[in-house]
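Sequence and predicted structure below; questions after.
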Amino acid sequence: MKHTIAIVDDHILIANALSGIISNFDDFEVLYVCESGEDLQEKLKLKSKPDIVLLDVNMPVMDGFETAKWLRDTHPDILILALSMKEDDHSLINMIRNGAKGYILKNIYPKELLKALKNILENGYYFPDWAAKKVYASIEGNSVDATLKSGLSKREEEFLRYTVTEMTYKEISDKMCCSPRTIDNYRDSLFDKLNIKTRVGLAVYAIRNGYAD
């Protein structure tokens, strides 16, 4: 069964172009294209719910921020992948705060779009390196006592450095020459020690405490 996508973009040519590209991906299909957040609200009342909403940030009337927040509050099971024309710190941070699990630019190649769709399904998020390094360090409310660094093992610190990258947990296990189960143990141990619940939170901690370049 294919994973389903709704595209929300007021630029119809771009929306239709994205739909055409996604139609060539074996594991994905577009359920419908929406011209606005309000259009999405109406379609969700009448049609099937998608796995992912590919959401334009800049739209008139009901923009991407408002639409993302509405989706987060009413359909938290839908994954939001934000779309933008430029690398804008303000948009990145606010889309994340409003529930977006990923952020990509409209000028990316189809293979990166496919990668983003697969990663957001497999890992629950997708942020390319430029977004991670610019945004994670700017998100407020995620500070952790840096003195906790002394309680981390060398392998946990090594794992922390990889949380900022695009690598999956399986790829990290290969890089660290250990089993996926061991990686799960490092992750869970860090969650407990740092009082953090997500990989994004680990990435925030890693950047703020000198574990990322």
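Arrived safely, thanks for sending.

For K154, give its distance to Y186.
11 Å (Cβ to Cβ, to the nearest Å). Using the backbone N, CA and C atoms, a C-beta is placed for each residue, glycine as well.

Which one's more surrounded, the two?
Neighbours were counted for K154 and for Y186 using other Cβ atoms under 10 Å; Y186 has more, 25 against 7.

Look up which helix or strand the nearest residue to the more buried one once chain neighbours are set aside falls in, please.
For Y186, ignoring the flanking residues on the chain, the nearest one in space by Cβ to Cβ, 6 or more residues apart in numbering is F159 at 4.4 Å. Using DSSP states H and E, F159 maps to helix 154-163.

What is that helix packed up against?
helix 169-175, helix 180-194, helix 199-208 (3 or more Cβ pairs under 8 Å, 6 or more residues apart in numbering; DSSP states H and E).

any idea how far the residue nearest to Y186 is from V57?
Going from F159 to V57 by Cβ to Cβ gives 32 Å.

Could you check which of the two has the larger neighbour count?
The residue with more neighbours, out of F159 and V57, is F159; 27 against 24, by other Cβ under 10 Å.

domains of the protein?
For the chain, the structural domains run 3-136, 141-208, going by automatic domain parsing.

Quickly compare these and say which is most buried.
Ranked by mean neighbour count, the domains of the chain are led by domain 3-136 with a mean of 18 (mean count of other Cβ atoms under 10 Å).

Give me the distance from that domain to the chain's centre.
10 Å (Cα atoms, centre = their mean, to the nearest Å).

what is the rounded mean pLDDT of it?
The average pLDDT for domain 3-136 rounds to 90.

Without its sequence neighbours, what residue ends up closest to the spatially most central residue of the chain?
Nearest to the geometric centre of the chain sits G102, at 2.4 Å (Cα atoms, centre = their mean). Leaving aside its sequence neighbours, G102 sits nearest to Y126 (Cβ to Cβ, 6+ apart; 3.7 Å).
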